[in-house]
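> Sequence plus predicted model, see below.
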Amino acid sequence: MVTSDFEYLAPSTVAEASRLLSKYRGEAKLLAGGHSLIPLMKLRLAEPKYLIDISQVKGLSGIKDERSAIAIGAATTYAEIESSALIRRRFPILAEAAGQIADLQVRNRGTIGGSLAHADPAGDMPAVVLALGAELVALTARGTRTISVDRLNVDLLTTSLRPSEVLTTIRIPNLPARTGAAYKKFENKASHYAVVGVAAVVTMGAGGVCTGARIAVTGAGPKPVRAKRTERILIGKELTPSVIRRAASRAGAEIGDRFNDDIHASSEYRAHLTAVMAERAITEAAARAK
Amino acid sequence: MSYLVTVRVNGVEHTAHIEARLLLVNFLRDVLDLTGTHVGCDTSSCGACTVLVNGQAVKSCTVFAVQANGADVTTVEGLAKDGKFHPVQQAFWDEHGLQCGFCTPGMIMTTVALLKKNPSPTESEIRSGIRGTLCRCTGYNNIVKAVQAAAASGRMP
Amino acid sequence: MTMVGINESVKRREDPRLISGQGKYVDDIRLPGLLHLSLVRSPHAHARIKRIDVSRAAKHPGVVAVFTGADLQEQLGSLPAGWVVPDLKQPKHPPLAVDKVRYVGDAVAAVVADDPYIAADAARLVRVTYEALPGIVDAEKATKRGAPILHEGKADQGGAPNNVAFDWEVNGGDYAAARKKAEVVVKERIINQRLIPNAMEPRGVVAQYEPASGQLTMWTSTQIPHLLRLLFALVTGHPEHKLRVIAPDDGGAFGSKLYIYAEEVITGIIAKHIGRPVKWIEGRQENYLATTHGRDHITDVEICGDKDGTITGISCSVHANLGAYLSTFAPLIPTILFGIMLVGVYKLSNIQCKVRGAFTNTTPVDAYRGAGRPEATYLVERMVDRFADAVGRDPVFVRRKNMIPAFKNGREVATGVKYDSGDYKKALAMALDMVDYRQFKAEQRAARKEGRLLGIGFSTYIEICGMAPSAVAASLGAGAGLWESSLVRVHPTGKVTVFTGTSPHGQGHYTSMSQIVSSQLGIPMEDVEVVHGDTSAQQFGTGTFGSRSVVVGGSALYMSLQKVKNKARKIAAHQMGVPEKQVEFASGRFVVEDVPDKSMSFPDVALQAYHAKNLPRGMEPGLEAVSFFDPENFTWPFGCHVAIVEIDPATGEVKLKRYVAVDDVGKVINPMIVDGMVHGGVAQGVGQALVEQAVYSPDGQLLSGSMMDYAVPTAEMFPVFETARTETPSPTNPLGVKGAGETGTIAASPAVINAVVDALSHLGVTHVDMPATSEKIWRTIQDAKSRRRNGRKR
């Protein structure tokens, strides 16, 4: 299978990449690891006339300690995230989730920014980043814009990134004390994407009561979503198994009747898995929060 | 449009004019005639095309050759040194880690990368480490043994 | 220098090439002036072709030619069935569709260009206007009144009324009477789902034509170079002696490269037409559409017997999906290779089996590893468990109670065939030992108390292998002989080249056959070369399938070696001046009895045979022999496989925890290779049991159309397999071997599903169809629980 032909552009700065994006508006795509885009191009579901390779752009990859946060360059690969000592220390959930993506080879090419911008409904990173409450920095020729991850995912394969914006940084703010996080994924046996994945970030107060929770679900519906109903049930309570189970059972509430239904799982089964994965993720996050 | 790329493959520098859409695997197979790297799927699933790019295992069917401009690529043909098999090759032979041999180059390259990251993996780390490379002949039983044998050989570079 | 015998785990001789990237698969063939062919395939499951406009494609820069079915109709001919069961409907199968397409993937046009990328681009420029017709994908529904008809017309005009290709049956004893007398009858509807073989190397063809000589050479990924040459000649009229078929290294097949395919004919004929070499390489998604699928049975089955656990009969009615056209061996797989296996290893004397083969708007279905035998074994072994459950007995007890006792030299069973040799209880006993059944049952009880779901499943299987007796096969519909041939050529220096008619694709024939030579002639393996898969090199051959290569081909080799040895002995005796009967052959030397220092080495004799200065009177010079071996019976490997699974009660996910395989494949040439084949076969059987399935939409779109949607098992799915063997030699061939290529696939799927059902049996679950996906098991658990709740309410 071969892609259609295109012109290959390799800018060396983000500004130049953004300028090319606006110049070839609608006809150009950014190419980072290419592991979402190239398969689509082979199927000719995407036929960009211009590919703007941002892998050589300086400053787009790497993990920086900003003390109150860590900043992950958009072109940082899953493999780099998985093996980063900094991330393992500060946000082990990110490393754990990165290690569950696809396979060793794909993780060497696939990037966190690519995953977020592509917005595959079954991607792992979007849910984890959403649960961690990240901030996204996007750059255009006119300047930078900071986007809350809560506003990133608009719909199936659609984000709020504007056509000429280049996602540059994923900034993950430090978590409060006594916070635990976990990602549980029920995997598609063929593609290794999430049939359903749930990321849970849970903060426990000094009195043994949950004071904060961000739960994000991927794979279940058209886009990753926060399970806010679940979060509300958790907050203010002691996280006993029955509380967790009750909260988890509402993890699909925000997806409503938009559960995906395909040959891998019916919508009914996905709804069930959402509750099961949520229960497992919250339980583990709560255990780690102590 | 044609692009001039220079890629170092198995220690030898190659320069060629290529189309932007030429996949790295086709560059290796059809431009350089290194047919040890195989194509088994269209979807980055099977791993038969796995090679090392700058030391990292990648699926060369999902990389354009232009992206590898300036890179250092190792294929299965570049593993043996001084007429001796690489310990991973040797282990696959010793442990009967292959049957039809089609996935083998990709499986061997995956193993080389896996053992570089994790020199003494557990059985379960091996199984998840090679899950991006599919074999239909062996049930992976002897592939796992081969990876273990290579790890234990004490010969890994 | 390695002198090796039989039953030695010698490292494979093919491997140094394959591990260093020096293998030569079809896509690795390079020829000057090579053109590349890309096929335009139907996106419709069923449609009339109204118009094909190739003008844009033909004008595309780099395109050399574009052909439609109408352009080449005469030359391409029609692909025939190679196995004809009684009253088989044989509709035309043009390699390039002419007026109608019958499945998604049916080829309609061929584009030839300088470069494969350009060929692919140009194929997208061919405009085909279709008139879509309703399609049908379910074999049972296809034969119902009102279903869309694939092959129109009356049966004698090439049509297939009601989409029925054949109705076939086999009966033994008197099932109706047995059922009437039976205390217990258990019924089930069992689906054996459609599978996609997924050899890691997709198919490919390179064809080169030399107009001056009229010679056509084809490199193709095939298991049957000689049969392919014959079929190609019959289909296209190209003279057989002007066609050379070469099977280079082959990246796996599992039955899927066992036929004459449309692309082989198309590529060959177009190369001939253009006068330049042409290459076609299948992509994986194309492979999912264009390469045969396997299995796909809908079966109503019933088993009967008495409360004490005695099974008296089994009956089944099958709808076998054949796809849109008859693939080469399609009529054989769901009939003979299925029906005659319904006795299993049991003293079952009453059998009734009806099979209806149906055309549907799907990819053609043919042999996939095991081919008919997995379907039969699955039915029998599943129903034995159902029966055991119905009579409240342990499945091991029921198996043992009904097993045929050990025998060494033939035993006829109810389906009319004669098993060669067997000791079924011994294999079962060994497996029970390995798995520690009693210990497991205790663990299972304890686990259930904690809410964990553990299960164990058995499969005491038998299979028919060593595809041979030609006369028997011919009486059952075979269109070609199934014997095998070998030529042993001893060179003057005593080195040996073996020419075998088998054609391996991963089985390690180079090694196994070298071992046979080494063991017989006492020369090192390194002194043996094995040449296979080239019609210009070998006498005729049948190829590699049905676990036949060592059984039939290895035996043919053994026979040639005896002829060589006998002639060499005569020469040695003559030259040493002693009577032949005083010459012994040991460790590669001809030694005069009781005169140990009077001897000649095998190479010395070989040199004398060619020098020919002092040969026995009337003896021809040279030292080579050819043999054609056609055994009197098939072989019947058997064994006992045991699976242990754990099910996650919350998600329904099944995890294979342990797998024990005890096989009896008769004598073994290379245990390492046999173990390897068992591992691979088991993995495929487990794959079918747990994750693999080809899914079509009701209108014929393949929904599991790529490796992103069809789960080819990964290393993570399996534990370390525990293998062992019993050895009951087959009396049907000189090596005593039975064949080992398919045992795992045949045994594994019932073992795993029996384990899954066992894990859920306390919930009242008695059957689960394959694949036991997480969702299916979750639903099964939900349904069982709600049945229990409702039951309690009542």
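Right, received. Where do you want to start?

> Can you pull the residues of the stretch 651-794 of chain C lying near chain B?
C:672-673, C:675-677, C:679-684, C:706-708, C:712, C:714-716, C:718, C:720-721, C:744 (C-beta under 8 Å from any C-beta of the partner chain). (Each C-beta comes from the backbone N, C-alpha and C, glycine too.)

> residues contacting the closest residue to chain B within chain A?
Nearest residue of chain A to chain B (C-beta to the nearest C-beta) works out as A:D103 at 2.5 Å. Going by C-beta atoms under 8 Å, 6 or more residues apart in numbering or on different chains, A:D103 touches A:192, B:47, B:131-133.

> follow-up on the earlier one: list only those of the residues of the stretch 651-794 of chain C next to chain B flagged as buried.
C:672-673, C:675-677, C:679-684, C:706-708, C:712, C:714-716, C:718, C:721, C:744 (16 or more other C-beta atoms under 10 Å in any protein chain shown).

> Strands - which of those residues land there?
If you go by DSSP state E, those have C:F721 in strands.

> Sketch out the low-pLDDT regions of chain C for me.
Low-confidence segments of chain C, defined by pLDDT under 70: C:1-3, C:792-794.

> what does the domain assignment say about it?
C:31-133+C:200-252+C:257-290, C:294-467+C:633-793, C:483-629 (automatic domain parsing).

> ok, now which ones touch residue 93?
No chain in the question, so chain A it is. A:128, A:131-132, A:181-183, A:199, A:201.

> other chain: chain C
Counting by C-beta under 8 Å, 6+ apart, C:H93 has contacts C:78-80, C:262, C:325-326.

> could those be laid out in a markdown table, adding secondary structure?
Formatted as a markdown table, the contacts of C:H93 follow (DSSP: H, G, I helix; E, B strand; the rest coil):
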| residue | secondary structure |
| --- | --- |
| C:S78 | coil |
| C:L79 | coil |
| C:P80 | coil |
| C:A262 | helix |
| C:Y325 | coil |
| C:L326 | coil |
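
> Neighbour-wise, give me the winner out of those residues.
Ranked by the number of neighbours (other C-beta atoms under 10 Å in any protein chain shown), these place C:L326 first, at 29 neighbours.

> How far away from the center of its chain is stretch C:212-222?
26 Å (C-alpha atoms, centre = their mean, to the nearest Å).

> What sits closest to whichever residue of the stretch 551-700 of chain C sits closest to chain B if chain neighbours are left out?
Nearest to chain B in the stretch 551-700 of chain C, going by C-beta to the nearest C-beta, is C:A683, at a distance of 3.2 Å. Spatial nearest neighbour of C:A683, chain neighbours left out: B:G139 (3.2 Å); criterion: C-beta to C-beta, 6 or more residues apart in numbering or on different chains.

> Cross-check the contact I'm expecting between the one you found and C:D675.
No - with contact defined as C-beta atoms under 8 Å, B:G139 and C:D675 do not form a contacting pair (10.2 Å).

> Next up, the contacts around the residue in chain C positioned nearest to chain B.
As assessed by C-beta to the nearest C-beta, chain B sits closest to C:G21 within chain C, at 2.0 Å. The contact partners of C:G21, taken as C-beta under 8 Å, 6+ apart, are B:34-37, B:75-77, B:105.

> what about it, distance to B:L23?
18 Å (C-beta to C-beta, to the nearest Å).

> for B:L4, same thing?
Applying C-beta to C-beta to B:L4 and B:L23 gives a distance of 17 Å.

> Repeat that for C:L35.
20 Å.

> ok, and the closest non-adjacent residue to C:A177?
C:N350 (7.3 Å).

> pretty sure the one you found contacts C:K181?
No - when contacts are counted by C-beta under 8 Å, C:N350 is not listed as touching C:K181 (9.7 Å).

> Provide a list of residues in contact with C:L760.
C:453, C:455, C:647, C:768, C:777, C:780-781, C:784.

> and the two most separated of those residues?
C:G455 and C:A784 (13.8 Å; C-beta to C-beta).

> and the contacts of A:D103, which of them are in helices?
Among the contacts of A:D103, DSSP state H puts none in helices.

> In TSV: these, plus neighbour count.
Shown next, in TSV, are the contacts of A:D103 (neighbours: other C-beta atoms under 10 Å in any protein chain shown):
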residue	neighbour count
A:H192	22
B:G47	30
B:R131	21
B:G132	25
B:T133	33
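
> overlap between these and the residues near chain C?
Among the contacts of A:D103, chain C is touched by B:R131 when using C-beta under 8 Å from any C-beta.

> of all the contacts of A:D103, which comes closest to C:T217?
Nearest member of the contacts of A:D103 to C:T217, counting by C-beta to C-beta, is B:G47, at 32.4 Å.

> Close to chain C: what parts of chain A are there?
So chain A meets chain C at A:1-2, A:4, A:44, A:186, A:189-191, A:263-266, A:269, A:272-273, A:276 (C-beta under 8 Å from any C-beta).

> quick one: which of those is most hemmed in?
So for those (other C-beta under 10 Å), the most neighbours sit at A:L273, 31 neighbours.

> On the three-state scheme, that residue is what?
helix.

> How about the contacts made by it?
A:186, A:195-196, A:220, A:265, C:651.

> thinking again about what came up before, ok, so of the contacts of A:D103, who is nearest chain C?
B:R131 (4.2 Å).

> For that closest one, give me its contacts.
A:103-104, A:192, C:714-716.

> quick one: which of the residues you listed sit in helices?
Filtering the contacts of B:R131 for helices - DSSP H - leaves A:L104.

> quick one: average confidence on stretch B:109-121?
For stretch B:109-121, mean pLDDT rounds to 97.

> Show me the contact partners of that stretch.
A:83, A:104-105, A:108, B:47, B:50-52, B:55-57, B:74-76, B:79, B:86, B:88, B:92, B:125-126, B:129-130, B:132-133, B:146-147, B:150-152, B:156.

> 6 Å instead?
Outside stretch B:109-121, the residues that touch it by C-beta atoms under 6 Å, 6 or more residues apart in numbering or on different chains are B:50-51, B:57, B:88, B:129-130, B:133, B:147, B:151, B:156.

> Pull the number of nearby residues for the closest residue to A:T77 other than its chain neighbours.
Nearest residue to A:T77 in three dimensions, chain neighbours excluded: A:T111, at 5.5 Å (C-beta to C-beta, 6+ apart). Counted by other C-beta under 10 Å, the residues lying close to A:T111 total 31.

> Repeat that for A:R25.
10.

> now it, nearest residue through space, not along the chain?
Closest to A:R25 by C-beta to C-beta, 6+ apart is A:P163, at 5.7 Å.

> now do C:R189
C:D300 (5.4 Å).

> Based on its surroundings, how many neighbours for the one you found?
With other C-beta under 10 Å as criterion, C:D300 counts 15.

> you'd agree C:A572 is up against C:R589?
No - assessed by C-beta atoms under 6 Å, C:A572 is found out of contact with C:R589, at 9.0 Å.

> Those two: which has the busier surroundings?
The residue with more neighbours, out of C:A572 and C:R589, is C:A572; 25 against 17, by other C-beta under 10 Å.

> The residue lying closest to that one once chain neighbours are set aside sits in which helix or strand?
Leaving aside its sequence neighbours, C:A572 sits nearest to C:F590 (C-beta to C-beta, 6+ apart; 3.6 Å). Using DSSP states H and E, C:F590 maps to strand C:589-592.
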